[in-house]
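heads up, no residue letters with this:
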C-alpha cells in the first residue's frame, strides 16, 4: 500500500505553488521549508505521504511521524509560519503553542467547516 500514491487532497495546488516558489530560491537559499508532521507512524501512511509528495515534485525538508502523539510540542520546536491539518484537535494544539493554523476540510463531516473559519481568523492573534 505504501507504494501507491495518495489521492489529491484540497491543498495539492497550494503545495505545488509553494514547491515552485521554493525552487526559484534554490535548495540551500530558500526561505521556504516544507515539513511533514503526521499522526501516522513512518511504517505506514507516513512513508506513503513522503513518496506522494516526491512524486508531485515536492520534497520535504523534514518529516515527523508522531504515531498518534500530540503535534503541538514538535510544532513549537520547528515554529512553522502556518500549520494545516484536517483534525480540529491538532489545530487547537498548534494554536495552544502559538502557531497560526487552519483546518483543511478534508474528510470532515458536514458542519465542521465553521472550525476552518475560526482557525483562519486566529492567525492574526
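Received, thanks. Just so it is clear, the model here is predicted, and its values are computed rather than measured.

at the geometric centre of the protein, which residue sits there?
What sits nearest the mean C-alpha location of the chain, by Cα atoms, centre = their mean, is residue 84, with 4.7 Å.

thought it was touching residue 99?
No: Residue 84 is beyond contact range of residue 99, at 10.7 Å (criterion: Cβ atoms under 8 Å). All C-beta atoms are positioned from the backbone trio N, CA, C, and that covers glycine.

mind checking how far residue 51 is from residue 58?
Separation of residue 51 from residue 58 (Cβ to Cβ, to the nearest Å): 11 Å.

buried set for the helix ranked longest in the chain?
Secondary structure assigned by DSSP state H gives helix 12-25 as the longest helix of the chain. Neighbour counts using 16 or more other Cβ atoms under 10 Å place 15, 19, 22 of helix 12-25 among the buried residues.

so how far does stretch 61-71 reach from one end to the other?
For stretch 61-71, the first-to-last residue distance is 17 Å (Cα to Cα, to the nearest Å).

chain center to it, what's the gap?
Stretch 61-71 has its C-alpha centroid displaced from the chain centroid by 10 Å (Cα atoms, centre = their mean, to the nearest Å).

quick one: contacts of that stretch?
For stretch 61-71, the external contacting residues (Cβ atoms under 8 Å, 6 or more residues apart in numbering) are 33-42, 46, 49-50, 74, 78, 83, 85, 90, 93-94.

buried stuff in that stretch?
Residues 63-66, 71 are the ones in stretch 61-71 that count as buried (16+ other Cβ under 10 Å).

could you check the angle the helix or strand where residue 54 lies makes with helix 12-25?
Using DSSP states H and E, residue 54 falls within helix 45-55. Between helix 45-55 and helix 12-25, the angle formed by their directions is 60 degrees, by axes from the mean of the first three to the mean of the last three Cα atoms, to 10 degrees.

elements contacting helix 45-55?
The contact analysis (3 or more Cβ pairs under 8 Å, 6 or more residues apart in numbering; DSSP states H and E) places helix 45-55 against strand 35-38, strand 62-65.
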